[in-house]
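Participant: A structural model of the following input is requested.
(2 chains)
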Amino acid sequence: MATLIIPTPLRKFTDGKSVFEASASDVRGLLNALSTSHEGIQKHLFDDAGELRSFIRVYVGDEDINELEGADTKIEDRDEVSIIPAIAGGSK
Amino acid sequence: MSHQFLPLDIHPSAMNDMKGHGEDAFPNECCGFFYGEEKNGVRVVSSAKRIENVKEGDQRRRFEISGKDYMKAERFATQEGLTLLGIYHSHPLHPAIPSEHDLAVAMPWFSYVIVSVEKEGVDHVRSWQLSTERQFEEEIIK
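Facilitator: The predicted structure is shown next:
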């Protein structure tokens, strides 16, 4: 099973747990498994069109999936996948 | 002012670190994380950590934290037995009110501390949290 690291602000949807484990062949499948088992988290990960929200990044190991194949990036058992909120902003 | 969020109790050393960073980075925006715990109905901020602003271009009006620095922050919190409570950044020559850019990428639950910095130094500090309607509401700083 692959391991998914939940960022602190989304742990209120996972009963405080920082780790979620599931079998999936790609990143999208792993995130869908998380959304199915934890109500309320999906809207923070995906937009209405089912695409990953622009302020959510996902890393497989230390690699950003935007530099791989996006949500279609293949994963294997024992891969560590991290959900990373984009932290940015500014005054104007 | 909303009372749906826990009030923040920011230790003086953490507050001084955030204010000092805002002044050191002026006229650019600074950014960083802060850590602590939720205890007895209060969000206690015990420490703050400076993070590099990696925003390309004009940093006087923008900031960005890299994904790798975010992962390090989560790991640091786990190792130290602390909770990553939120993010601080500065608004040089601008009030400590979240902008549309701040709102667009805000996450639930995190506290967003903003340090307003004028030429003479820090003017004021305010903190905000995202509501369930995805709007910022101000948090009380004790």
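
Participant: helix/strand/coil for the nearest residue to B:Gln59 once chain neighbours are set aside?
Facilitator: Distances taken as C-beta to C-beta, 6 or more residues apart in numbering or on different chains put B:Asn28 closest to B:Gln59, at 4.0 Å, once the chain neighbours are dropped. Using the backbone N, CA and C atoms, a C-beta is placed for each residue, glycine as well. Under DSSP: H, G, I helix; E, B strand; the rest coil, B:Asn28 falls in the coil class.

Participant: how about B:Val54, phi and psi?
Facilitator: The phi and psi values for B:Val54, taken as degrees, to the nearest 10, are phi -100, psi 10.

Participant: next one: the one 5 residues further on
Facilitator: Geometry field for B:Gln59 lists phi and psi as phi -90, psi 0, criterion degrees, to the nearest 10.

Participant: how far away is it from A:Gly70?
Facilitator: 29 Å (C-beta to C-beta, to the nearest Å).

Participant: please say which of the two ends up with more neighbours.
Facilitator: Between B:Gln59 and A:Gly70, counted using other C-beta atoms under 10 Å in any protein chain shown, the more crowded position is B:Gln59 (19 against 15).

Participant: give me every residue that touches that one.
Facilitator: By C-beta atoms under 8 Å, 6 or more residues apart in numbering or on different chains, the residues touching B:Gln59 are B:28-29, B:53.

Participant: who wins for most neighbours among those?
Facilitator: Of the contacts of B:Gln59, with other C-beta under 10 Å as the count, B:Glu29 tops at 27 neighbours.

Participant: what's the local residue count around A:Phe55?
Facilitator: A:Phe55: 15 neighbours (other C-beta under 10 Å).
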